[in-house]
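Asks: generate a structure from the sequence data that follows.
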Amino acid sequence: MTGQRVSLRPFETEDIKELHQWSNDPVSILLVGRVPQAYEQIEQQVMRKRQNGDLLLAIENEENKLIGWVFLKDIEHEHGRAGIGILLAPEARGQGYGKEAMKAMIKIGFNQLRLHKIYLTTRGLNEHAIALYKKIGFVVEGKLREHAFCNGQYYDTYYMGMLKSDWQAEVYLNCNS
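Replies: Got it, this is the predicted structure:
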């Protein structure tokens, strides 16, 4: 699956090394709200995702360099829904790669997996991500007040979702403008 500047491919076991580095980046730790993790912990998380049937894809830039991963998790075909997540390498953030990768994964979710809804959660301190998700077409469906504790402070957690009809309307508008 290829976007304008990114391409998605299966996330391979050898990619875990880079995922471990990105996951332990101080900004990633703050925004996701985790603590530093050993390589083996990250490896176990990837294996659990695979066992759960999550769709894990690596993100490569125009030079075929691995710059992140995007995934659909908790895929429930009977309800037509899945959660989406993304993590980019620190050097790839803020350049539009995340937007392209998210759009490509959403297209897979709605077209190939025939999902009805894709949803996510994010912390209120991650204002950049919230703005990006809104640009893509996600809407805030709910907020858990002071739900996450990071750096000595409580932050809200936002639930955001996109219906297939929202995405189709956005695609239609972009094609006719």
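Asks: under the pLDDT cut-off, which ranges of this structure? List them.
Replies: 1-3, 33, 171-177 (pLDDT under 70).
Asks: at which residues are the helices of it located?
Replies: Remark: helices assigned in the chain by DSSP state H are 16-23, 26-32, 39-51, 97-107, 127-136, 164-175.
Asks: for the second one, buried residues please.
Replies: Right, helix 26-32. Buried residues in helix 26-32, counted by 16 or more other C-beta atoms under 10 Å: 28, 29, 31, 32. Heads up, the C-betas are built off the backbone N, CA and C, glycines and all.
Asks: what is that helix packed up against?
Replies: helix 16-23 (3 or more C-beta pairs under 8 Å, 6 or more residues apart in numbering; DSSP states H and E).
Asks: outside of the helix it packs on, which residues touch it?
Replies: The contact list for helix 16-23 (C-beta atoms under 8 Å, 6 or more residues apart in numbering) reads 28-29, 32, 34, 37, 39, 42-43, 46, 66, 68-69, 87-90.
Asks: just checking, residue 4 touches residue 101?
Replies: No: using C-beta atoms under 8 Å as the test, residue 4 is too far from residue 101 to be in contact (11.0 Å).
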